[in-house]
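# Provide a 3D model corresponding to the input given below.
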Amino acid sequence: QVQVAESGGGLAQPGGSLRLSCTASGSTLDNYAIGWFRQAPGKEGEGVSCITTSNGNTYYADSVKGRFDISRDKDNNTVYLHMNNLKFEDSGNYFCAARRGNYCPTLAGRLSGSGSWGQGTQVTISS
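Next comes the predicted model:
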């Protein structure tokens, strides 16, 4: 069973950039879908982006499209979320999940125990 752990969060200014890492252990990420999610205090959790490693397909929420980029580093068994032109509303706890196959993890799946989920890394956008 793969396990994932996030890193790379921190403080950034509006317009700045951060790179988050979702590093897997216990298995390679071949034939997995890896999703990034975020949750801010008092707000609903949101799916941000997803990549399916079998075919390289990527998906983005409208709120981050054109600013965020998801990519896979096969050698390091890691999926990155490159976040550019950051906005205040990008603040939150970012966590990743890995699910075997070509279907992206979902927040509903988290409740039912589908996939492997990390604990998250905090991103704060502040001037």
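# Enumerate every residue touching Thr53.
29-34, 72 (CB atoms under 8 Å, 6 or more residues apart in numbering). From N, CA and C alone the C-beta is placed, and that goes for glycine too.
# Could you export those as a markdown table, including pLDDT and neighbour count?
What follows is the contacts of Thr53, written out as a markdown table (pLDDT from 0 to 100; neighbours: other CB atoms under 10 Å):
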| residue | pLDDT | neighbour count |
| --- | --- | --- |
| Leu29 | 95 | 22 |
| Asp30 | 95 | 11 |
| Asn31 | 95 | 13 |
| Tyr32 | 97 | 25 |
| Ala33 | 97 | 22 |
| Ile34 | 98 | 27 |
| Arg72 | 97 | 20 |
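# now, among those, which is nearest to Tyr103?
Of all those, the one sitting nearest Tyr103 is Ala33; the distance, using CB to CB, is 5.9 Å.
# and for whichever strand or helix holds that closest one, what are the contacting residues?
Counting by DSSP states H and E, the element that carries Ala33 is strand 32-39. Outside strand 32-39, the residues that touch it by CB under 8 Å, 6+ apart are 2, 4, 20, 22, 24, 45-53, 70, 72, 79, 81, 90, 92-107, 123.
# where exactly do the strands run in the chain?
With DSSP state E as the criterion, the chain has strands at 3-7, 10-12, 18-25, 32-39, 46-52, 57-60, 68-73, 78-83, 92-100, 116-117, 121-125.
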